[in-house]
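> curious how this folds, go ahead:
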Amino acid sequence: MSRPPFNIWLLLRAATIWRCIGTALLLAAGFFVNAAAAVSLELKLAREKIYPGESVPVTVTLRVSDVRVRNIGYPRLAAPAGGSVAFAPPVQDADASDPNVALYRFSGRISSITPGQLAVGPASLDLEIIEAAKGSDAFFGAIEPRPQSLVTAPVTLTVLPLPADRPASFSGAIGSFSMKATSSPETPSPGDPLTITTTISGAGTLNSARCPRIAGDNLRSYPPTVRNKDKGLVCEQVVIPAAAGHLPPVVWSYFDPEPGRYCTLRQNLPDVAPSSGRNAATTAPVPPASSVPSHVQGASALMLLIALIGLTVAICMTLSLRRHAVIIPSGERAVAVPPSIKQSLARLEQSLIDGDVEKFYTVLFRLLQELVGVEGNISPAAVTGLQPPPPDTPSNQSVALTHLFTRCDRIRFGRFVPREEEMRADLSLMQSVLHPDHLPR
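Down below sits the predicted model:
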């Protein structure tokens, strides 16, 4: 067979080449259209209605079908309160209705404190689609990445207002919670510090929630503090009951969005046990005055005379033992302090040697209670502190005692950790109070 003329042969070759190029361009165009239709992005909220402060899960899902993708970025979604929503790493699985479709799910949470209709989104995401190369490389089957940006449609979130009948103990917690309160010591006594630990746990948001506060009559209370908020709300509060009886319960409220109502948790605390011995007699109530018959008045006068004789004997015995007691001057008089204070002072010195800060300031507080109680002829358990002395007539002893009471409160309840030299200074000041000649002038 003879070869066709040269010009005809060139035309046949050119037609074949253009036919191949056209086929490649058609394939690339088809791939481009299919790729654009094979990736999509969806924004979805777990619930369409929430309450102020409540958070709702939000999911951005990337659907990929019959194409290869790479360099998938994280979704971008504006948060209602400003900033952007933080998404966790994606979870990849297959579509239940089509095994050829791959799903990439990004999860986050959003919340709002403003009631009303809220537009959430759109969300956007960037990725690269692997497709056939363009130009002359397409003839040899080369591929190249093509950047692609996907955008979702916005969704509507309704933020419902909280009911107006909120209890006084509600501070913003929304969800479902439980509460447990413990006290240390378990059996409190008047004048003794009582640490109440309240643990609140459950499902929901505690971002704006505050600790429950225990307050009431005959109760000195310190502000509650948050000890832990990682796995719930753990609170501590120190109270000092002044008398025996019932303590106020621990009360805390939250809003449960499921039934749409407030719930109040309440737990009773152990009763304060009455003081025993001299303290109980000192704090006993005095019966009201009433009219007394004349023959009873005569008996009362006789008893009063006997009491005066007994008081005289007690004063004489006190004077005879005066050299064995520590004398604390108080204005124009001096009060004899029992020698037991010396024993407490020895325990105070030993706790400083041991480096036990908690024991040191607990013993110091008990020592101050006994000292002021004896001087004021009141129950030591009823002494919880001293008012600052008047600025015009301050005494060195009153200033020192007030300073020591303040130090005990700051360290025992304010979680202040003193240095060793500060503890030594407090011990020296306590010794100066017991030996007034050594007080600073």
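> the strands in the stretch 101-250 of the chain, which residues?
Counting by DSSP state E, counting those that start in this stretch, the stretch 101-250 of the chain has strands at residues 101-111, 116-120, 124-132, 143-151, 155-159, 170-184, 194-205, 219-221, 225-228, 233-241, 250-256.
> what mean pLDDT does the third one get?
Mean per-residue pLDDT for strand 124-132: 88.
> of all the strands of the stretch 101-250 of the chain, which lies closest to Leu348?
Leu348 lies closest, by Cβ to Cβ, to one member of these: strand 233-241, at 20.6 Å. For glycine as for every other residue, the C-beta is placed from the backbone atoms N, C-alpha and C.
> tilt between that closest one and strand 194-205?
For strand 233-241 against strand 194-205, the angle by axes from the mean of the first three to the mean of the last three Cα atoms, to 10 degrees is 150 degrees.
> for strand 233-241, give me every contacting residue.
For strand 233-241, contacts defined as Cβ atoms under 8 Å, 6 or more residues apart in numbering pick out 173, 188-201, 206, 209, 211-214, 218-228, 247, 272, 384, 412-413.
> on that earlier part again, with respect to Val399, which of the strands of the stretch 101-250 of the chain lies nearest?
strand 219-221 (21.9 Å).
> in its sheet, what does that closest one sit against?
Paired neighbours of strand 219-221 in the sheet (DSSP bridges): strand 233-241 (antiparallel).
> so the strand it pairs with versus strand 170-184, what angle?
With the same axes, to 10 degrees applied, the angle from strand 233-241 to strand 170-184 works out at 60 degrees.
> do me a favour and average the pLDDT over strand 233-241.
Strand 233-241 shows a mean pLDDT of 90.
> next one: stretch 176-187
Averaging pLDDT along stretch 176-187 yields 90.
> mind listing what's buried in that stretch?
Buried residues in stretch 176-187, counted by 16 or more other Cβ atoms under 10 Å: 177, 179, 181, 183.
> identify the bridge partners of the third one.
Legend: beta-bridge partners of Ala181 under DSSP bridges are Thr198.
> state the distance from it to Cys211.
Distance, Ala181 to Cys211, by Cβ to Cβ, to the nearest Å: 11 Å.
> low-scoring stretches of the stretch 301-441 of the chain, by residue?
Across the stretch 301-441 of the chain, residues meeting the criterion (pLDDT under 70) sit at 301-339, 382, 386-395, 414-415, 436-441.
> need the helices for it, in chain order.
Taking DSSP state H, counting those that start in this stretch as the criterion, the stretch 301-441 of the chain carries its helices at 340-354, 357-376, 396-413, 420-434.
> fine by me, thanks again.
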